[in-house]
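Colleague: here you go, sequence then predicted model.
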Amino acid sequence: MRISIYRYNPETDQAPYMQDYRLDEVSSETMVLELLTRIKAEQDESLSFRRSCGEGVCGSDGMNINGKNRLACITPVGELGESIEIRPLPGMPVIRDLIVDLSQFYHQYRSVKPYLITHDAEPEIERLQSPQERDRLDGLYECILCACCSTSCPSFWWNPDKFRGPAALLQAARFLEDSRDQGTAERLNELDGPYRLYRCHTIMNCTDVCPKHLNPSEAIGKIKKKMLKHII
Amino acid sequence: MKQIPRRRFDALVIGAGGGGMRAALQLAQAEASVAVVSKVFPTRSHTVAAQGGINAALANVLPDNWHWHMYDTIKGSDYLADQDAVEYMCRAAAHLVYELEHAGVPFSRLDNGKIYQRPFGGQSQSFGGPQAARTCAAADRTGHAILHTLYQQNIRARTHFFDEFFAIDLIKDDEGHILGAVVLEIETGEPLIIEAKTTLLATGGAGRIFRTNTNARINTGDGMGMALRAGIPLQDMEFFQFHPTGIAGKGMLITEGARGEGGYLLNRDGERFMERYAPNAKDLASRDVVSRAIYLEVKEGRGCGPKGDHVLLKLDHLGADVVKKRLPGIRDMALTFLGIDPAEQPIPIYPTAHYTMGGIPTNRFGQVVLPDGDEHEQPIPGLYAVGECACVSVHGANRLGGNSLLDIVVFGRAAGNHIIKYLKRNRYHRRLNPNSVEQALARLARWDRSGGGERVDALRAELQQEMETHCGVFRSAEILDEGVRRIEAIKARLNDVELTDHSKVFNTARIEALELENLVEIALATVYSARARTESRGAHSRVDYTERDDKNWLKHSLYFQQDNRLHYKPVRMQPLSVDSFPPKERVY
């Protein structure tokens, strides 16, 4: 099997290039992360990528595989056809090989105040929340910050400094939907304006690529509805 | 000494899992300046993978109280846990869980709006009576929910994060004070000195010493390695937990919550074999008991599959709704890695290396302690440890499911509080010790050597295989002697390992080499401690010493790296306010 991988080491390379590797005896259930690990172990120690849990919960190994952003550890080779091409997540500065600088992505995440805002005194026990209220968080709280969505979004590519991007907006929705949160007005005020929220043009790449099967696009739609009510 | 950039903080926290971030939050809220160093972005830490939940006697589902929880934890530990620390943890549990809820953790809910709780292994009402339901859960993603919430709270508290910095070694002065650490900025490959009045190690476990394990690739025991090199012993390293339900052949964790929700194990005859091993608790016996049962079923020819090498975890009778609602994460995992929907088909499972019960010895304030004579201990000034890298000891010889998330938040918070007090009494940074910095830099420089020596990856694979073969679920003198010999041989070969990649920018090969050094030291600590303990207790099962021996072995092991020496210290049998639970026969 032939695997073509994006390479760039700022210490030695003038420009990035694609490098081909060959691997034998690859079964269709093999995950892409295992291919990368094998290449690093057997052929080329200098190949660099992030990885940790290996089971799709830590979000370290988001990368662009055959044109689509995915997590390497839960992408089986069998889904990819004969040849495999692996590139870093698009639109972000490349640090080295498949490792990108996610500073802007994390900045946007921090900007939406991704924590519960409450004004009331805290009860001695848990705050009550009905199962139905809790259900509204399903599909929102599971985000692993892998950046697959935001780095597949053309609006985020053009305005990564101004548009919050799907991952950060999903977080905003996670707190706006939480029956315990009392920061609705301040959250919506923060998102108002031409860029932060409204640069989303419902292209839906985010939903298409999310490896956790979340739907940022739908979540953003809900924020827009809330915003409308908030303004009028 | 080469000019190396220096940063100064009141407190340094190494590790950004739940333990480190809970401590950092406590410190930041008290307006101490706190730096958190993590080799990965904080939400990639392995707490994120904890599934089933966090124990606290909230009594939301069934009657419960902290004293029953304390009893279960001590019994689960096979009486090796320190009873003062266990009482402290179990008493604090409810408050800590409410605090997490107030911070925003999206716990699953009961119809009355309270936090959902599920039964877990080793839980009982009334000191060994009927099954309890003590594990507070956010579906089967409780670790994810807690870790993200703690990170978010730290963002709010403006904690200073050093993301993707690797800690090389502690800095220590001649009087034995810890002054901070030398760390490596992974992106630039440049070292940095972080000076701090206190340093907290919260670097997690070392499951990567075994071949098949549930752990993330980052779980290489870096804090334990640093402690050993600083002359600090590791406690109770022979006690390593094998989780009963890893995906067979692959190792990914299937939460105990799957059995808590009503799932059970079957052998090739379709027999619910846990009824034979644990007539009362059955599939919800302690993890050590269930793991041994599975191992024996397979060994005695009752395993499933063409090779008879696993058993089955049956969940389909729970119905698709329960599986999707309560266990969505493991359903995804089974679909991804096996192409199996557990709502329809059973999951092939086998015990897999999971949790390091042992670690850096601490007291219940998180202070790292050294033995002072046979009965007493002295804290190391300025050094703390919490979570899986520490041994406080609340887990003793076998940890109960749901107690690790509790451990990290309870002792993360306790250590934070103690550090705040320490900072009030110790207002100024001590003078940096250049010799100690030089030693840390030498450790780094060693990897600049080039040549055609052995490869990091090959030696690590060998280490993991040897540990699995020679320090697994069942052990004997013969196997452990051979294990010690082989791990020592691997340690000797570590000197010949060389890198081909000497670049500076994001050199992950170098990080893996530094991690391998830690793994080898921890593997050695584990086999030496296991060889010395001639009894069976909790997770440490000796086929040549099948009984627990309280007369000779109701004591903690301390392994020192310098001469592979073992020292022992008594178990703290005296709780804080209630009567001691004396050792008795442990049946489920």
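Modeller: That came in fine, so what should we check first?

Colleague: specify the local secondary structure of B:Val298.
Modeller: helix (DSSP: H, G, I helix; E, B strand; the rest coil).

Colleague: quick one: it and chain A, what's the gap?
Modeller: 23 Å (CB to the nearest CB, to the nearest Å). No exception for glycine: its C-beta is placed from N, CA and C like everyone else's.

Colleague: quick check, central residue of the chain?
Modeller: Since no chain was named, I'll use chain A. Most central in chain A under CA atoms, centre = their mean is A:Ala147, positioned 2.2 Å from the mean C-alpha point.

Colleague: not quite, I wanted chain B
Modeller: Centre-most residue of chain B, counting by CA atoms, centre = their mean: B:Glu388, 3.0 Å.

Colleague: mind checking how far that one is from B:Ile408?
Modeller: Counting by CB to CB, to the nearest Å, the separation of B:Glu388 from B:Ile408 is 8 Å.

Colleague: list the buried residues of the one helix or strand B:Tyr384 maps to.
Modeller: Secondary structure from DSSP states H and E places B:Tyr384 in strand B:376-385. Across strand B:376-385, burial judged by 16 or more other CB atoms under 10 Å in any protein chain shown covers B:Glu377, B:Pro379, B:Ile380, B:Pro381, B:Gly382, B:Leu383, B:Tyr384, B:Ala385.

Colleague: returning to that earlier point: the nearest residue to the residue nearest to the centre of chain B once chain neighbours are set aside and A:Leu214, how far apart?
Modeller: Distances taken as CB to CB, 6 or more residues apart in numbering or on different chains place B:Gly205 nearest to B:Glu388, at 3.8 Å, with adjacent residues excluded. From B:Gly205 across to A:Leu214, the span is 29 Å (CB to CB).

Colleague: tell me which of the two has more neighbours.
Modeller: Neighbour tally, B:Gly205 and A:Leu214, criterion other CB atoms under 10 Å in any protein chain shown: the higher count belongs to B:Gly205, 30 against 22.

Colleague: these two touch, right, the more buried one and B:Ala353?
Modeller: No. Checked against CB atoms under 8 Å, the pair B:Gly205 and B:Ala353 is beyond contact range at 9.6 Å.

Colleague: what's the strand holding B:Tyr384 in contact with?
Modeller: B:23, B:170, B:175-179, B:196-202, B:223, B:227, B:232, B:359-363, B:365-372, B:415, B:418-419, B:422, B:426, B:569 (CB atoms under 8 Å, 6 or more residues apart in numbering or on different chains).

Colleague: could you count how many residues lie near the residue nearest to B:Ser450 when sequence neighbours are not counted?
Modeller: Nearest residue to B:Ser450 in three dimensions, chain neighbours excluded: B:Glu498, at 5.9 Å (CB to CB, 6+ apart). Neighbour count for B:Glu498, taken as other CB under 10 Å: 18.

Colleague: B:Glu498 contacts B:Gly451, doesn't it?
Modeller: Yes. Applying CB under 8 Å as the test, B:Glu498 and B:Gly451 come out as touching, 4.8 Å apart.

Colleague: state the mean pLDDT of the lengthiest helix in chain B.
Modeller: In terms of residue count, the longest helix belonging to chain B (DSSP state H) is helix B:508-532. For helix B:508-532, mean pLDDT is 98.

Colleague: buried ones in that helix?
Modeller: B:508-531.

Colleague: for A:Glu122, give me its contacts.
Modeller: Counting by CB under 8 Å, 6+ apart, A:Glu122 has contacts B:His102.

Colleague: list the buried ones in stretch B:116-123?
Modeller: For stretch B:116-123, by 16+ other CB under 10 Å, it's B:Tyr116, B:Gln117, B:Arg118, B:Pro119, B:Phe120, B:Gly121, B:Gly122, B:Gln123.

Colleague: which one of the residues you listed is nearest chain A?
Modeller: B:Tyr116 (8.4 Å; CB to the nearest CB).

Colleague: residue farthest from the centroid of chain A?
Modeller: Farthest-from-centroid check, chain A (CA atoms, centre = their mean): A:Glu124, 36.3 Å.

Colleague: which ones are touching A:Gln129?
Modeller: A:Ser179, A:Arg180, B:Arg109, B:Gly113.

Colleague: where's it relative to A:Leu140, distance?
Modeller: From A:Gln129 across to A:Leu140, the span is 14 Å (CB to CB).

Colleague: related to what we said a few turns ago, which element, helix or strand, includes the residue nearest to the centre of chain A?
Modeller: Short version, using DSSP H and E: A:Ala147 is in no helix or strand.

Colleague: quick one: it from A:Tyr141, how far?
Modeller: 17 Å.

Colleague: could you do B:Phe474 as well?
Modeller: B:Phe474 is 41 Å from A:Tyr141, by CB to CB.

Colleague: those two: which is more packed in?
Modeller: A:Tyr141 (24 against 15).

Colleague: contacts only, for the residue nearest to that one when sequence neighbours are not counted.
Modeller: Among residues not flanking A:Tyr141 along the chain, B:Pro106 sits closest, at 4.7 Å (CB to CB, 6+ apart). B:Pro106 makes contacts with A:Arg134, A:Leu137, A:Tyr141, A:Asp178, B:Ala138, B:Ala145, as judged by CB under 8 Å, 6+ apart.

Colleague: shouldn't the last one be in contact with B:Val105?
Modeller: Put plainly, it is B:Ala145. Yes. At 5.0 Å, B:Ala145 and B:Val105 qualify as touching, with contact defined as CB under 8 Å.

Colleague: now for these two: what residues contact both?
Modeller: B:Ala138.

Colleague: burial count for residue 221?
Modeller: You didn't pick a chain, so chain A it is. If we define neighbours as other CB under 10 Å, then A:Gly221 has 14 of them.

Colleague: I was after chain B.
Modeller: 31.

Colleague: do you know how far it is from B:Glu377?
Modeller: B:Gly221 sits 22 Å away from B:Glu377, going by CB to CB.

Colleague: equivalent analysis for A:Lys162, please.
Modeller: 56 Å.

Colleague: can you show me the CA trace of the longest helix along chain A as PDB?
Modeller: Secondary structure of chain A per DSSP H: the longest helix is helix A:216-231. C-alpha atoms of helix A:216-231 as PDB (Å, rounded to 0.1, in the frame of the first residue of the first chain):
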ATOM      1  CA  PRO A 216     -22.400  22.300  14.700                       C
ATOM      2  CA  SER A 217     -24.400  23.600  11.800                       C
ATOM      3  CA  GLU A 218     -27.700  22.900  13.500                       C
ATOM      4  CA  ALA A 219     -26.300  24.300  16.800                       C
ATOM      5  CA  ILE A 220     -25.400  27.600  15.000                       C
ATOM      6  CA  GLY A 221     -28.800  27.700  13.500                       C
ATOM      7  CA  LYS A 222     -30.300  27.600  17.000                       C
ATOM      8  CA  ILE A 223     -28.000  30.400  18.200                       C
ATOM      9  CA  LYS A 224     -29.100  32.500  15.300                       C
ATOM     10  CA  LYS A 225     -32.800  32.000  16.300                       C
ATOM     11  CA  LYS A 226     -32.000  32.900  19.900                       C
ATOM     12  CA  MET A 227     -30.200  36.000  18.700                       C
ATOM     13  CA  LEU A 228     -33.200  37.100  16.600                       C
ATOM     14  CA  LYS A 229     -35.400  36.800  19.700                       C
ATOM     15  CA  HIS A 230     -32.800  38.600  21.800                       C
ATOM     16  CA  ILE A 231     -32.500  41.500  19.500                       C
END
